[in-house]
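# what follows is a predicted structure for the sequence shown.
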Amino acid sequence: MSSVEIAVEVLPHGLGLPLPAYATEGAAGMDAVAAVEGDFVLMPGARAAVPTGLRMAVPAGYEVQVRARSGLALNAGLIVPNGPGTIDSDYRGEVKVILANISDTPFTITRGMRIAQLLLAPVTRAAWRVAPLDDTARGAGGFGSTGRT
Ligand SMILES: O=c1ccn([C@H]2C[C@H](O)[C@@H](COP(=O)(O)OP(=O)(O)OP(=O)(O)O)O2)c(=O)[nH]1
Ligand SMILES: [Mg+2]
């Protein structure tokens, strides 16, 4: 399968950690690890921007999406509240993973723990054209409007 190169820089606190990597041949996302210095405890109801130790230059025409790992979400109630997070192609700061603990148990994030997955996705830009709209059968129906008897 073809791949797109992303220039990446490892920050001092990320040295020694693996770059985000596909766990299997068919994986859509690369698992990214926490570049925390020691153990970091995320209390119930708390959220934090967890460092990845990485800066990257996403190619123009693409974004990197930050998504939760389903195992952490199901087993530990660890969600990405802005999921999917967006890494813009012009962002040059450290990539961080926003995590929230929606369980009732503290969760300990350790250095090198796989905390989220990064997906490279193409971006299609839109341009507005202010104009009258065509009519449709749905019209303004939404939010569960279909299938009602
Ligand atoms: O999960 C995330 C989401 C964003 N970012 C970084 C990269 C992104 O390019 C930048 C801005 O993100 P976004 O546009 O989602 O946030 P904002 O609140 O709109 O901030 P800004 O005004 O800086 O765009 O923050 C991350 O590191 N992790
Ligand atoms: Mg923004």
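That came through fine. Note that the coordinates shown come from a computational prediction; the quantities given were computed from them, not determined experimentally. Ligands and ions are numbered 1, 2, ... in the order given.
# ok, now how distant is residue 26 from residue 1?
Distance, residue 26 to residue 1, using CB to CB, to the nearest Å: 9 Å. Where you see a C-beta, it was placed from the backbone N, CA and C, and this is true even at glycine.
# burial count for the nearest residue to residue 113 once chain neighbours are set aside?
Spatial nearest neighbour of residue 113, chain neighbours left out: residue 34 (4.9 Å); criterion: CB to CB, 6 or more residues apart in numbering. Residue 34: 23 surrounding residues under other CB atoms under 10 Å.
# quick one: contacts for residue 34?
40, 50-52, 97, 109-113, 115 (CB atoms under 8 Å, 6 or more residues apart in numbering).
# change it to 6 Å
By CB atoms under 6 Å, 6 or more residues apart in numbering, the residues touching residue 34 are 50, 109, 113, 115.
# how near is the residue of the chain found nearest ligand 1 to residue 136?
Nearest to ligand 1 in the chain, going by CB to the nearest ligand atom, is residue 85, at a distance of 2.4 Å. Distance, residue 85 to residue 136, using CB to CB: 33 Å.
# same deal with residue 87?
In this view, residue 87 and residue 136 are 35 Å apart by CB to CB.
# and the two? which has more neighbours close in?
Per other CB under 10 Å, whichever of residue 87 and residue 136 has more neighbours is residue 87, with 21 against 8.
# any idea which element the nearest residue to the more buried one once chain neighbours are set aside lies in?
Spatially, and ignoring its direct neighbours in sequence, residue 87 is nearest to residue 64 (3.9 Å; CB to CB, 6+ apart). Per DSSP states H and E: residue 64 is located in strand 62-67.
# show residues contacting that strand.
The contact list for strand 62-67, computed with CB under 6 Å, 6+ apart, reads 58, 83-87, 97, 116-123.
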